[in-house]
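Peer 1: A predicted structure for the sequence below; I have some questions about it.
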Amino acid sequence: MLINIFEGILIPFVGTTLGAACVFFMRKTLSKSVQRALAGVAAGIMVAASIWSLLIPAIKQSENMGTLSFVPAVVGFWMGILFLLALNHLIPHLHVGSDQAEGPKSKLGRTTMMVLAVTLHNIPEGMAVGVMYAGFLAENAQITATSALALSLGIAIQNFPEGAIISMPLRAEGESKRKAFLGGVLSGVVEPIGAVMTILAAQLVIPALPYLLS
């Protein structure tokens, strides 16, 4: 079972790596329309994964609260938003296609800040996978191996275009294919790390599972 969990938390990272590898097979940078289409696909997959694998299980686990069973999901959802907003203000980063860096002023290079921009939202994604597998290890009735795997696969699918969206612009910025590939890969490293740290904190995670799923 532990091997399956280890494989499950690595699946999203594999998706990022495969997407970043596109830099070796594509000569030109992705057009803006293609980048937008890929970002749209990634967004759609994550919306579906967020609702069916995270929000709905969170509400179901709070059914004993009756008509207030939605409260943990709402609280957790806003905690996640505020957490990501905090990271957005604390970490210098540059979104792909933008010339204006965000976050605190920094002397970091453009390529580094572009990688940090994608890394930002990969942190909570890794935590989400960790929460699912922590719940599975605790034999939570609402979380099965299938649902945890489905979330990992959903994130991996949306990570594929993300890997390409970060590696191809890095190549266009003048980086070698190898460095552009490594940049894309590094943006996804935080996901398995976040998942493992969340699983290791399982004793703290389980009581707050409805909130953390959200």
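Peer 2: Structure's in. What do you need?
Peer 1: switch to C-alpha atoms for all contacts and neighbour counts from now on
Peer 2: Noted.
Peer 1: give me the number of residues near Val189?
Peer 2: 20 (other C-alpha atoms under 10 Å).
Peer 1: contacts only, for it.
Peer 2: Phe13 (C-alpha atoms under 8 Å, 6 or more residues apart in numbering).
Peer 1: do that again at 10 Å, thanks
Peer 2: If a contact means C-alpha atoms under 10 Å, 6 or more residues apart in numbering, then Val189 has 10, 12-14, 16-17, 119, 122-123, 126 as its contacts.
Peer 1: quick check, pLDDT for it.
Peer 2: Looking at Val189, its pLDDT is 89.
Peer 1: any idea which helix or strand carries it?
Peer 2: In this assignment (DSSP states H and E), Val189 forms part of helix 177-200.
Peer 1: could you pull out the buried residues of that helix?
Peer 2: Residues 177, 179-196, 198-199 are the ones in helix 177-200 that count as buried (16 or more other C-alpha atoms under 10 Å).
Peer 1: returning to what we had before: now, which of the contacts of Val189 lie within strands?
Peer 2: Per DSSP state E, strands hold no members of the contacts of Val189.
Peer 1: which of these count as buried?
Peer 2: So, by 16+ other C-alpha under 10 Å, the buried ones in these are 10, 12-14, 16-17, 119, 122-123, 126.
Peer 1: now, which of these sits nearest Leu85?
Peer 2: Using C-alpha to C-alpha, Ile123 comes nearest to Leu85 of the buried ones among the contacts of Val189, at 12.4 Å.
Peer 1: from the buried ones among the contacts of Val189, which single one is nearest Pro57?
Peer 2: Closest to Pro57 out of the buried ones among the contacts of Val189 is Gly126 (17.7 Å), distances taken as C-alpha to C-alpha.
Peer 1: for the closest residue to the closest one other than its chain neighbours, give me its contacts.
Peer 2: Excluding the flanking residues, the one nearest Gly126 by C-alpha to C-alpha, 6 or more residues apart in numbering is Glu191, at 3.8 Å. Listed by C-alpha under 10 Å, 6+ apart, the contact set of Glu191 reads 9-13, 16, 119, 121-130, 197.
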